[in-house]
Each structure stands twice: as C-alpha cells, then as structure tokens.
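> need coordinates for the following:
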Amino acid sequence: MEEIKFTLVSLLAVLFFPFLSSVFLVHSQLLPIVSEHGGNNTSQVQTYIVHVLKPEGVDVLGAENLETWHKSFLPNSTLDTGEPRLLYSYREAISGFAARLTPEEVSAMEKMDGFLRASPSKRLKLQTTYTHELLNLSTLFGAWSTSNSFFGQGIIIGVLDTGIHLTHPSFRDAGMPPRPSGWNANCNFQRPTCNNKIIGAQSFYYGPSTIPPTDIDQGHGTHVAGTAAGNFVNNAEVLDQAPGKAAGMAPRAYISVYKVCWETIGCESTDVLAGIDKAMQDGVHILQMSFGPSPPYLPNSLDEDDVAVATYSAMQKGIFPCAAAGNSGPDPETLSHAAPWDMIVGASSTDRRIRATVTLGNGMEFHGETAYQPNAFTNNFLPLVYPGSNGQQDQLYCKNNSLSGIDVRRKIVMCLVGGIQNIEKGDVVKNAGGAGMILMNFNILGYTTSSEPHHLPASHVSYNDTLQIVNYFFSNSTPTAKITFGGTLFGVRPSPALAYFSSRGPAQYNGNIVKPDVVAPGVNILSAWPVEVGPFPTGLRTDTFNFLSGTSMATPHVSGIVALIMSKLKNDNKRPWSTSEIQSALITTANTFDLDGKPIFDEASSNNSANILQRGAGQVNASYAMDPGLVYKIEPADYLAYLCGIFSNNTQKVSLFTKNRTRCTRSISGEQLNYPSIGVPMKSRSARITVSRTMTNVGDAKEVYNAKITEPPNVRMHLSQYSLKFNRVEQQITYRITFTMKGTHPGAGVNEQGELSWVSNKHIVTSPIYIAF
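Purely as a prediction, here's the structure:
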C-alpha cells in the first residue's frame, strides 16, 4: 500500500511539477530494492545523511513536494519491517534527507543525477553566576549597563541540547516582553506550557517527535540554557556555596529549545540537523551548540562535517552559529568544530574556588575543591589509604566493587580521576565505609579541579599536589590526613586560565583558519539544574543549581554575549551586523592577559602560558565586543571562494554547501579570507606571502588607528600602511601584510605566533597571528 501511495504522489508531482518528471523517472529506474532481511542484502540497514542538489528551476518546494523529491532517491518508502525509510526531509540546514539504507543501496544512489554525498549518521557528544564580572558584564559600567545592554531583549537563542527543565525559576517570564510578533514555533510541553521566556520546545528522536523536551535525566540542556539566557534568580547556591543572584549572560533573551540529545543515544547527527533545520525555519537569531565529535571520529575535511554544512546555511541567513571547541584537550588537533563561519569556544577557569584543604600528617597542606562542605566532619587526622598503590586499575580509579577486600572504613581514600564519574567514586568509597576521599589529577589534567557536589567529604587536588601526596603516602608507614573546608573564595590566581580539557588546534583541514576563536568561563560554572544535588536530596526543591565544567559551559557564555550585541544594535536602531562582523568583534577585543596582566596560563602545563592554538584570541570581553571600533567583514562570495580554494575547485564538495550546482569562478586560500585572526603557512626559507585585510569602521566617524606589531620570532611582517584614517562610519580600508623569513627556517611542524593591533585613542583592534612552518 505504501508503494502504491508513493507512486501516486510521484505522478502528482509530475503533473504539477513537470520539470521534476525526468528526474523522478530516472531515479526509479536506477535504484534497486534491497531487503534488510535477505535477498541481495550483504550488510545491515544504517541511517544515512544524504546530500542532494536542489531541483533545478525550483526556488521553493512545499513540504510535501520536497519530501517527494527526496523519496525519489529511495528504492521504496518502507523497510520490510514496515518502518519508513525516510526519517527527515531537510529544508533549510542542508539540501538532503536522512534515511534508512544499506551500503549497497547507497552505492546505487551515487549514480543518480543530483546526488552529492551520503554518510552514516554520527553520534556526537555533549561537551560537558559569578562569571558576569569576569566577562565585564557589570551593571554599572560593563555590557549590562542600562544604556548598552537591554539584557538581550528581543533576541531568540535556539538551544540545541538535552531539553530543558521548564519549571525552573531561571525560565520564568517575569520581566519578559511578549513573544515576537509572528513567532509560531511548536511547543511540545502541555501543562505547564511555554511562556514568554521559553517560546519554543521541540524534540527530535529518529524523526520528528511530539515527546516533551524535558531534561530531568541529564540536566545538560537546562544548565546551558540557564548560562546563556537564564532569568534573574535570587539566592542561588549549590549546597550553600557561591551564594548570590543568578542570571544568564542575556537574561531578557528568548529561548527556543530543540532537544536533539538523549541519555540513551547521545546526539545523533540526523537529529541535530533536524533541530538546526527547524530552528532556521522558526527564525532564531543564534544557534547554541554544546556538542560535537571527539577523537578518533573528528572530520578530516569540512565537507565531512554535516554540522558545518548546516551552519553555513544558517550563516547565509544571518543566524549566528556558536559551537563548543570540545573536551579532548590538552592534545593538539582535537577540535570538534573548525568552520570559519562558526564561533568556536574553548574553556577557561574563573578566580572562584570552593575550598577543601587536605592536610597531611607531616603538616603539608594542599588546597583542593568540593561543593559539599559538611560542618560536622572530624578535624582529627584519619588513616590514609591508597587502593591503587598495587597498580590495579580498578582500584586506582575506585571503580564499582573495586574496594571489596580493602579496609577503608573510617579512612580517607585516595582515588585517581578517570574511569567513572568523580561523584560515583565517592559513592564507591562511601559504600565501602570510607570517611572521605582525595580525588587526584593525573599528569594531563594539570591544575584544573572541580567543585562537584560529592556525597561524602572530599577534595579534588591538582596533579602537582597529587605527586606530593602520593610521595608522602609511600614514604610513611602510617600515613594520615584530614580534610577541612574553607567555603567560597574569590580572587584565586592565576585567572582566567585555560582548562586542561579544552580542545586545541590547529585544524589541518580548514586552511590555517585559527581555531578556537576565543575562550570563556567553563570550569565550575553555576547554572540551573533540574534535580537536587549532594548527599541528602529531599526531592522537594525545584530551584536547584549545580556546578558543571566543559566547553559546553563556555559556549553559552558567548551565545549570550552575542545576544547582547544583537540587542544593542537593534535597540540603538543601527544596522544589524553580519555574523562575521559579530565574530570579528568578539575575536579582536578578547584579552590575552589574565587579571594580573600576565599571559593566560595553561592549566595542563606546569609553567607555560597558553598559545594561540590553545586559547585562540583569548578570553572574551563582552563590554569591548559591543564597541569594537573596527570589524572584519566576510561577504558570502568570499566564503564561496574560500570553499573553492580548500576543496581545490571540487564543485561537488562546494555544492554540498551551496545546495545548487556551483562553478568556482574564484578561489582563495585560507589566509586570504578576511578573517580577524591571520594564519599563514611558511613552508620554506624563501617563502614570501602577502595577505590583505579589509576593515569596516563601526566606531566613531572620525578615528585614526596606528599599527602595533608583535612579530613571530622567525618571521618579519611588513605592512602596506601603518596608519588607518577613517572619516565616516561604514568606511572600509584595505591593508596588506607581507610575511618573510628572518633567518633559518625552524623546521616543518613548528608553530609561532605574533600579533597585529590597530590602536586609536578609544579602541584597540587586535588580530592574532599564527605561522605554520
């Protein structure tokens, strides 16, 4: 019956859309039907994302006709099981669809006219209040000042994540204006339903779903949404720590929720594309994406990254894509995303610590962290035990059932980070009778520690402290320790610092475009949470908060700041900036120094500062980004030329992004893209590379900028002009930089960095320089 129905639909399409008729007929003749249970099937059915060209001569297809066009690539409408083959028919994000197919069916499809590429769906991973001051958002003088901010009012952030805890006070609509005129996104919540804060709520689970996008099981989406645009909530705290008023970066921005990540399956790329597709149709202004692939499943080329293809379409519509760098640091080349049109955000620490001090029997003290700070825990020294001292992996990490046969009763237990969640380790220790836990970093975790809501007295210490504690344990026949609690402390240095887990560049496949772009607070971030935390939950509270760490937490800080910028421009009746101009404002105003004026420290190292491939342009600065002075604007034609360049004029790959048959009439290499950071390949001693950049004045009408250069150690930089004189707003000036070697080529694989700043009496516009030898 389904096959008959499909034939009728195809015939109707031929009648009403004769330009499609030849395509449908050719497709139906080419593609064989392959049974998933027998016949000529040699492998199992998989879910594929299939990219196809838009039908020629058609500007807009209705939903039914678009689906018909996509079904014409399939052997039939259903599998032998009766399940539909077609899961999603994408309209905005990509030109294509998601369908259940065998590899043999895909091979047959490749011969069809209009086919571009098919790849199996990928499973992406989640990249798991006080930060307002750290990012210069203070109400008095920063980006939240009355004349500047409007708190993000009128801007819609599309949060693609695990859903949301609708009844949390962070998402009440007190003080919110009515939802935008003409907004009609779906709300899958019933009672209670969406309000003037949460103005859309939809789920995507192997196809469009009416399941309410609740977030009780994971909390990740609730935390992310609260960080980006949570409303003001008084008396926020985690187990009485870090008390104060909580708010997202843009507390008056709207939130539209797209649940594309699930506890059981993670974030299927088919569902992610569907969420992006629907968010674009709904008309969000910002895409907030705290997920991505992790090694060894990173893309080797931009055309292999379906999310990058989708966000290219979003960028073309003026929607700002903001994505997490990933949590696979400190190794290089571990970025989850690297497209130049995506704002890629790494994670930094703050100067707040929830102090838990370990004192050893010899009097040495080590300051760690925990959110759970019991008042009644003993101040006496207790025996110290190290289950992993025998080299057994399970005991080293205090995994489930690993402590049976080891007497840990009324003792403090040493556990290495890894293997299972940190809080789970505490449960293992507690269930075995342990009195407390020292959670110890291994080498690559460095100085990054977490203030988690443990279920027993605990302290998470750095790798340097771990070495000394372990040395004490092995050098004493009766080692002892105690844990004391110091509450919430501010002003800890160095801050900000790069978190060990923050993924680092370069991305070899993007043409030397510097990524990540910036870093933002992503360690021990307090935000909304759906359930109570700590050792004694009552199940009665709905206004709970929690600390989480990850580039997932850093990214919504930037999404919220983007909302502030958009809102300011809108309410000041100024020209909306393109996504590239906003990106430029964030990059060129970021801070490369910490609160003490020292270079941002890399917590994965012992004494090294973070470089451009690790922290990008530096820590995002909201106030400066709202008034950058000058911006680097990238036109759509420039992105197209860039794609032609990195794909060596392979028009099939370029057409994935443009959705139409595309000819490459111009191509440029990555360093020639008008990007605010400048990455240049210098592969030989005789290399001489000239790049051009065009700056647009969005500051004062009359302003003069002078160049300040910090050259890479082995490279000389020569400018075509060292002063830029602007006489009007929107005026553009182009300059050129020529890079030559100073001396001996340092060798292949070496990287160096420098900086070019344009300085006026009011603005400093800085471009990071990256040299790849």
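> contacts only, for the residue nearest to the spatial centre of the chain.
By Cα atoms, centre = their mean, the mean C-alpha position of the chain lies nearest to Ala324, the distance being 1.4 Å. For Ala324, the set of contacting residues under the criterion of Cβ atoms under 8 Å, 6 or more residues apart in numbering consists of 127, 289-292, 336-337, 344-345, 550-552, 554-555. From N, CA and C alone the C-beta is placed, and that goes for glycine too.
> what pairs with it across the strands?
Beta-bridge partners of Ala324, counted by DSSP bridges, are Val345.
> and it, what pLDDT?
The confidence metric pLDDT takes the value 98 at Ala324.
> repeat for Asn40
Looking at Asn40 specifically, the model assigns a pLDDT of 38.
> and the strand or helix carrying Gly244, what does it pack against?
Applying DSSP states H and E as the criterion places Gly244 in strand 241-246. Using 3 or more Cβ pairs under 8 Å, 6 or more residues apart in numbering; DSSP states H and E as the contact criterion, the secondary-structure elements in contact with strand 241-246 are strand 233-238, strand 480-489, strand 525-528.
> on the C-terminal side of it, identify the next helix or strand.
On the C-terminal side of strand 241-246, the nearest following helix or strand under DSSP H and E is strand 254-259.
> can you list the strands that that next one pairs with?
Strands flanking strand 254-259 in the sheet, each with its direction: strand 156-161 (parallel), strand 198-204 (parallel) (DSSP bridges).
> what residue in this structure is the furthest from its centre?
In the chain, counting by Cα atoms, centre = their mean, Ser477 sits farthest out from the average C-alpha position, at 47.7 Å.
> for this protein, which helix is longest?
Scanning the chain for the longest helix, with DSSP state H as the assignment, gives helix 551-571.
> quick one, that helix and strand 254-259 angle?
Counting by axes from the mean of the first three to the mean of the last three Cα atoms, to 10 degrees, helix 551-571 lies at 140 degrees to strand 254-259.
> just checking, what packs against the helix or strand just after helix 551-571?
Using DSSP H and E, the helix or strand that follows helix 551-571 towards the C-terminus is helix 579-588. Counting by 3+ Cβ pairs under 8 Å, 6+ apart, the packing neighbours recorded for helix 579-588 are strand 320-324, helix 551-571, strand 630-632, strand 764-772.
> swap the cut-off to 6 Å and go again
Counting contacts by 3 or more Cβ pairs under 6 Å, 6 or more residues apart in numbering; DSSP states H and E, the secondary-structure elements packed against helix 579-588 are strand 630-632.
> what does the strand it packs on contact?
Residues outside strand 630-632 that contact it (Cβ atoms under 6 Å, 6 or more residues apart in numbering): 581, 584-585, 674, 676, 695-698, 765.
> give the rounded mean pLDDT of it.
Averaged over strand 630-632, pLDDT sits at 99.
> and it, which residues are buried?
Neighbour counts over strand 630-632 (16 or more other Cβ atoms under 10 Å) mark 630-632 as buried.
> that strand: partners in the sheet, and parallel or antiparallel?
Paired strands of strand 630-632, defined by DSSP bridges, are strand 688-697 (antiparallel).
> re earlier: can I get the contacts of strand 630-632 in CSV with neighbour count and distance to Gly419?
As requested, those are exported to CSV (neighbours: other Cβ atoms under 10 Å; distance: Cβ to Cβ, whole Å):
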residue, neighbour count, distance to Gly419
Glu581, 22, 45
Ser584, 29, 42
Ala585, 27, 42
Asn674, 23, 46
Pro676, 29, 41
Met695, 25, 50
Thr696, 20, 51
Asn697, 21, 54
Val698, 22, 50
Val765, 25, 46
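> quick one: low-confidence residue ranges for this structure.
Across the chain, the ranges flagged by pLDDT under 70 are 1-43, 57-59, 129-149, 540.
> now, which of the buried residues of strand 630-632 sits nearest Trp183?
Distance ranking of the buried residues of strand 630-632 against Trp183, using Cβ to Cβ, places Val631 first at 29.0 Å.
> how close does the closest one sit to Gln316?
Val631 sits 18 Å away from Gln316, going by Cβ to Cβ, to the nearest Å.
> ok, now Phe171?
As defined by Cβ to Cβ, Phe171 lies at a distance of 31 Å from Gln316.
> and those two? Which one has more around it.
Neighbour comparison, Phe171 and Gln316: the larger count goes to Phe171, with 25 against 17 (by other Cβ atoms under 10 Å).
> quick one, what contacts that one?
Contact analysis of Phe171 by Cβ under 6 Å, 6+ apart lists 197-198.
> over to Leu74?
Remark: with contacts taken as Cβ under 6 Å, 6+ apart, Leu74 is in contact with Arg85.
> can you report phi and psi for it?
phi -90, psi 150 (degrees, to the nearest 10).
> same thing with Asp173?
Per-residue torsions, Asp173: phi -100, psi 20 (degrees, to the nearest 10).
> how many other residues sit next to it?
Close neighbours of Asp173, defined as other Cβ under 10 Å, add up to 16.
> looks like it contacts Ile198 (just checking).
No. No contact is recorded between Asp173 and Ile198 when judged using Cβ atoms under 6 Å, the distance being 8.0 Å.
> circling back to that earlier point, for the longest helix of the chain, buried residues please.
Within helix 551-571, the residues that qualify as buried are 551-569, counting by 16+ other Cβ under 10 Å.
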